[in-house]
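S.K.: Here you go, sequence then predicted model.
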Amino acid sequence: MVDVSKAAKIWAVVAAIPLGKVASYGQIAALSGLPGYARYVGKVLKELPDDSRLPWHRVLRSDGKIAFPLGSEAFEKQRVRLLEEGIVVKNGKVSIRNYGW
DNA sequence: GACATGACCGCAC
DNA sequence: AGTGCGGCCATGT
């Protein structure tokens, strides 16, 4: 299981991502006061329930790509949510300038 | 404790 | 631009 004290900070940072913008796992970790915990962020998001209201879909890898294999269900769900916020996704990669606030 | 795995990252080829 | 490798933290075998 995940450490709640760390997870809480991560949740807070993820929830603070502005609409229409995205961040990387590493950034989330750093802004959460947990540098080097990029992989841990992925673990935390993975444990999120489907009914969670956190904007987890705004979290991408450092290269701007979605962290799921193209075509997978999770990939499609994230892609759609991003498009609904006006974020263009091309070949699993976002095409926005203001990457990372 | 050794080894493998994961919604990762950075740098070198 | 794509791949590979080592490093990263936590879990599971």
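M.R.: Done, it's in.

S.K.: Please name the bridge partners of the most centrally placed residue in chain A.
M.R.: Nearest to the mean C-alpha position of chain A, by C-alpha atoms, centre = their mean, lies A:Val59 at 1.6 Å. As for beta bridges, A:Val59 partners with A:Ala23 under DSSP bridges.

S.K.: any idea how far it is from DNA strand C?
M.R.: A:Val59 is 16 Å from DNA strand C, where distance means C-beta to the nearest atom of the strand, to the nearest Å. C-betas here are computed from N, CA, C, even on glycine.

S.K.: For the residue in chain A positioned nearest to DNA strand C, which non-adjacent residue is closest in space?
M.R.: Taking C-beta to the nearest atom of the strand, DNA strand C has its nearest neighbour within chain A at A:Gly36, 3.7 Å off. Nearest residue to A:Gly36 in three dimensions, chain neighbours excluded: A:Ala29, at 6.8 Å (C-beta to C-beta, 6 or more residues apart in numbering).

S.K.: element containing the one you found, please.
M.R.: Following DSSP states H and E, one finds A:Ala29 within helix A:25-31.

S.K.: For chain A, just list every one of the helices.
M.R.: A:4-15, A:25-31, A:38-46, A:73-84 (DSSP state H).

S.K.: re earlier: how deep is the residue nearest to A:Gly36 tucked in, by neighbour count?
M.R.: By the criterion of other C-beta atoms under 10 Å, A:Ala29 has 23 neighbours.

S.K.: And the pLDDT for A:Trp101?
M.R.: Looking at A:Trp101, its pLDDT stands at 73.

S.K.: list the contacts for it?
M.R.: Each residue near A:Trp101 by C-beta atoms under 8 Å, 6 or more residues apart in numbering is listed here: A:17-18, A:21, A:23.

S.K.: distance of it from DNA strand B?
M.R.: Counting by C-beta to the nearest atom of the strand - A:Trp101 and DNA strand B are separated by 14 Å.

S.K.: what does chain A have sitting close to DNA strand C?
M.R.: Contact residues (C-beta under 7 Å from any atom of the strand) of chain A with DNA strand C: A:1-3, A:6, A:36-40, A:43.

S.K.: Rebuild those residues as a markdown table, extending it with distance to DNA strand B.
M.R.: Below are the residues of chain A next to DNA strand C laid out as a markdown table (distance: C-beta to the nearest atom of the strand, whole Å):
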| residue | distance to DNA strand B |
| --- | --- |
| A:Met1 | 13 |
| A:Val2 | 11 |
| A:Asp3 | 13 |
| A:Lys6 | 13 |
| A:Gly36 | 8 |
| A:Tyr37 | 9 |
| A:Ala38 | 3 |
| A:Arg39 | 4 |
| A:Tyr40 | 6 |
| A:Lys43 | 6 |
